[in-house]
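Q: I'd like to go over a predicted model; first the sequence, then the structure.
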Amino acid sequence: MKENKNNLLFIFILFLINFIFFLPLFFPVNKLIITPEYGGGDQIIFHYPIQYLLQKKIRSGNFLLWSNQIGGGYPIYAEQEVGFFNPITLLTLFLFPLKIAVNIQIFIYFLILLLGSYYLGLTIKLKLIAALFFSIIFTYSFFNLANIIHHTHLASFCYIPFIFALNINFLKVNETRLIIKYFSLLVFFLFFQFISGHIQYFFYSIILILLYAFFYLFNNFPKNHFLFKKCLILIFGIFFSLFFSSFQFLPMLEFYWFSFRSNANYFFSFNMKLKDLLTFFYPFISYDLNLVHYLKNDSAIPPWDGNLFLGFIPLIVFIFSIFFMTKKTGVVFRDCFYCSLFLPIFFLLLAFADNGPFHFLFAIFPFSLFRAPSRIIFLFLIFLGLYIAKIYETFIKNKNLLIKIIFYLFIPLHVFLNMNLMYKFHDFIDGNQFMSKEKKFLSFSNPERDYFLNILFYEYFIPKKLFDEGIERQKKYIFNLIKKSLVQNFGLFYDYSYFNLPTSAFNLNRHTIYYHLLVDELEKNRENEKISLSLTGINLLSLAGITHIFSPYQIESTQSAEFKLIKKDRKDSIFVYKTGFVKNLPFFASEIIEIKTLNDFIKNLFKFKKGQVFVEDNSNNLVKIKSSKQIFIKVKKITDTDIEIESDSSSDAFLVIPINFYPGWRIYANKKEIKIYRVNFLYFGGVIPKGKQKIEVKFDPISLKLGVLLSSLSFPIFFIFLKKLSNFFQ
């Protein structure tokens, strides 16, 4: 009873610490975090805008399965990083304004991380105070604090300590009731982790629990003959968590197949190097607080992708261990020596990726999916934190009262120091100021008729400005530049539609290729710092229906196109041009050019004339179809997932739907489904029979329906499995 009361007291203390830690986000004024990263940080140009759009749909009673505002059309529900099915995201967006909801999400994720870490500490038999110490030093490590830039990383990795602790308990206990309890909780925590955020950390959870089970089996098998069967059951549990998550898992697999990452192994751009080990002593070894590298060509990884700094207090405790360590001190897991020794070393070496001995793994699926293998350092930090907590525990047991008091005071001191680090590293802006809209945009644009493209700011321009001119942190330079230039998804705050790449990682394959073809055509002339467009570039703009371009450089007019400069800001190098093209709506093609490959598309671009379309087909039958000049078309309704059209033609006609092709789109003419063709490399369309037709275009993804069905079936099967499991162990 006393132990339970003490546990409740320590849980309350953790809640109170977390409340104090994040109170400045809410009081005296609500503030949003804008981490000073090149491009503004993922939360500014991805997480905040997407959550803004998601909130609008939730509050209107709709699901945001697909958005035509994003990059020519984007399957929101399938991109797992969005956290579309995350209950914490959905609930907070429904109950609170966005500027408050995102901060509440951060508070909740860190609270889960604190409680899970505390539970993990207790699971490996740390004393209450040592478990609390571990919880604080690990949760508020610089790696985790820096990852506030990635909402969906936080949403996923906050469950790992709980998952690890449940796995340890599942393998350790022998009583049937407890085996079923820990197994069930483990499966459900894996399920919640999968639907909440980035799959990379779900994958790391699987690696962690399987490797721990393997070493635990190796260490204890002669003593416990049930262990091998438990390991097999653990594998079943992993599959059950995936089956529970089928409504997210199947759409995600489909999305990966059609995304840019399906076509090749991703280059290793984020690997740890030996010098990154020095971040254990100080977090800013390679860059300053503004993340501007001390050396211009330095390729050091950012702190949210790999940093070992737990804090100065854990560092002091670690240094003490050098002088006072005993044999027992270094063994984190008393009943699994190999887990204490080999697992942390393996995870550390994995973080080096192609700089380490296990580089070959990252050419293999699913390792090849992740462009930042260094993030597995998160697992190493768990072991490092547990080791330091064990050292801390030995000092707390010391009979000297003064030493005890000093080490007790280490806890509030550590919270203060790391809280200070967080609020110095991250940059903040008043929530109202963040959500306010630039009046200049509203004066020259119309969200209904305009379609925007922003070039070069994210990939090249902002890093160049930072290196050449430095950064004025207090003036919110990066944020203001983003707000003026509508980088990536920031235009969603103005309800704009845009052709920008939706993310820096997972984009539809064809849209990525088309975007880079276009950007390559918009390369500046090095002599006069201006952009000159070829006929191919102009035709790419026309086919995409881009009406406005945000450019860091001036664009020269050509004989083929007369761009109009409608806004300029020479100080920040922002030039906004009106292209003269019209935003695409569904239309009937006047002529069809059949193509088979991307090269065919590129070669024929210079021939393009208004009304022509490029259709991928091998039959050569479509070229005969030409729209009559008298064809009637009326677009009655356009939403993200439904389009209604009325048409009347004296002959068959080819209808073009200017939305990115993706499985799930269907076209019906008088309720009869028609064959879909890929059009203009990006879009889709079909042949509409002659006569009066009521055309319906619907987004109805089979992957989601099948996923929901599998998820529904998996729950009763799981409970039957638990019943059989109970009988088996009894």
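A: Everything's here; your move.
Q: Could you pick out the longest helix of this protein?
A: If you go by DSSP state H, the chain has its longest helix at helix 702-729.
Q: for the record, mean pLDDT for it?
A: Helix 702-729 carries an average pLDDT of 91.
Q: Same question for stretch 278-292.
A: Rounded mean pLDDT across stretch 278-292 is 84.
Q: any idea how far it is from the chain center?
A: From the chain centre to the centre of stretch 278-292 is a distance of 24 Å (CA atoms, centre = their mean, to the nearest Å).
Q: in that stretch, what counts as buried?
A: T279, F280, P283, F284, I285, S286, Y287, N290, L291, V292 (16 or more other CB atoms under 10 Å). All C-beta atoms are positioned from the backbone trio N, CA, C, and that covers glycine.
Q: Quick check: closest non-adjacent residue to the third one.
A: In space, and not counting its chain neighbours, P283 is closest to F309: 3.9 Å by CB to CB, 6 or more residues apart in numbering.
Q: follow-up on the earlier one: which member of the buried residues of stretch 278-292 is positioned nearest G707?
A: G707 has its nearest neighbour among those in L291, at 38.6 Å by CB to CB.
Q: Quick check: which element contains that closest one?
A: Applying DSSP states H and E as the criterion places L291 outside every helix and strand.
Q: State whether N509 and F258 are indeed in contact, as I suppose.
A: Yes - using CB atoms under 8 Å, N509 is in contact with F258, at 5.9 Å.
Q: picking up where we left off before, show me what the longest helix of the chain is packed against.
A: Packing contacts for helix 702-729, counted by 3 or more CB pairs under 8 Å, 6 or more residues apart in numbering; DSSP states H and E, involve helix 176-196, helix 227-244, helix 246-258.
Q: Not counting sequence-adjacent ones, nearest residue to the residue nearest to the spatial centre of the chain?
A: Centrality entry for the chain: nearest residue to the mean C-alpha point is E81, 3.4 Å, by CA atoms, centre = their mean. Residue nearest to E81 in three dimensions, not counting chain neighbours: T152, with 4.7 Å by CB to CB, 6+ apart.
Q: tell me which element the one you found is part of?
A: Counting by DSSP H and E, T152 is part of helix 151-157.
Q: quick check: domain ranges of the protein?
A: Here the domain assignment for the chain is 2-33+75-427, 432-578, 587-699, based on automatic domain parsing.
Q: What average pLDDT does the last one get?
A: It refers to domain 587-699. Here the average pLDDT along domain 587-699 is 88.
Q: Likewise for the second one?
A: For domain 432-578, the mean pLDDT works out to 78.
Q: buried sites along stretch 648-655?
A: Result for stretch 648-655 [16+ other CB under 10 Å]: buried residues S649, D652, A653, F654, L655.
Q: Among the residues you listed, which lie within helices?
A: Assigned to helices by DSSP H, none of the buried residues of stretch 648-655 qualify.
Q: Tell me the one of these nearest L250?
A: For these, the nearest to L250 is L655 (29.3 Å; CB to CB).
Q: Was I right to think the closest one contacts E696?
A: No - if you go by CB under 8 Å, L655 and E696 don't touch, sitting 11.5 Å apart.
Q: where do the contact lists of the two overlap?
A: Shared contacts of L655 and E696, defined by CB atoms under 8 Å, 6 or more residues apart in numbering, comprise I645, I667.
Q: sorry, back to before: in JSON lines, list the helices and strands packed on helix 702-729 along with mean pLDDT, mean neighbour count and distance to F407.
A: Putting the helices and strands packed on helix 702-729 into JSON lines (pLDDT from 0 to 100; neighbours: other CB atoms under 10 Å; distance: least, CB to CB, whole Å) gives the following:
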{"stretch": "helix 176-196", "mean pLDDT": "95", "mean neighbour count": "20", "distance to F407": "32"}
{"stretch": "helix 227-244", "mean pLDDT": "93", "mean neighbour count": "17", "distance to F407": "37"}
{"stretch": "helix 246-258", "mean pLDDT": "93", "mean neighbour count": "21", "distance to F407": "44"}
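Q: Compile the ones you listed into TSV and extend it with columns for distance to D640.
A: Converted to TSV, these look like this (distance: least, CB to CB, whole Å):
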stretch	distance to D640
helix 176-196	22
helix 227-244	28
helix 246-258	16
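Q: Output the below-cut-off pLDDT ranges for the stretch 51-200 of the chain.
A: Residue ranges of the stretch 51-200 of the chain with pLDDT under 70: none are present.
Q: which stretches of it form helices?
A: For the stretch 51-200 of the chain, the helices defined by DSSP state H, counting those that start in this stretch cover 87-95, 98-123, 128-139, 142-146, 151-157, 160-172, 176-196, 199-220.
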